[in-house]
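# structure, please.
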Amino acid sequence: NLKLDIRILVLPDHPTPIKLMTHTANEVPFVIYQNGEPGVGGRVQGYNEKEIRKSKIRIKDGYKLLNLLLANN
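Coordinates of the predicted model:
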């Protein structure tokens, strides 16, 4: 049995809310999958604008997101 520490980061290059149907300067939503666990920030029910707003994690500088992905949680 091979046990791997797998993390996958999913995010768009910019937010495009369905309601507006155009790019905005809003925060970019992201989700981190981690070996079937809720991952960073807790469990959400889906990857959409409503669910992502429930997360308490906010990252102002995009390059810091890589630190979060690679951190030992």
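# poorly predicted segments of this protein, please.
1-2, 36-44, 73 (pLDDT under 70).
# mind checking which helix or strand Tyr47 is in?
Counting by DSSP states H and E, no helix or strand carries Tyr47.
# got phi/psi on the closest residue to it other than its chain neighbours?
Spatial nearest neighbour of Tyr47, excluding adjacent residues (CB to CB, 6 or more residues apart in numbering): Val31 at 5.1 Å. C-beta: built from backbone N, CA, C; applies to glycine. Backbone geometry at Val31, expressed as degrees, to the nearest 10, gives phi -140, psi 140.
# from memory Val31 sits against Ile57, does it?
No: Val31 lies out of contact with Ile57 (CB atoms under 8 Å); the separation is 10.6 Å.
# my guess is Leu68 is in a helix, correct?
Yes: under DSSP: H, G, I helix; E, B strand; the rest coil, Leu68 sits within a helix.
# roughly how far does it sit from Ile32?
Distance of Leu68 to Ile32, computed by CB to CB, to the nearest Å: 7 Å.
# neighbours around Pro17, how many?
Using other CB atoms under 10 Å, Pro17 has 12 neighbouring residues.
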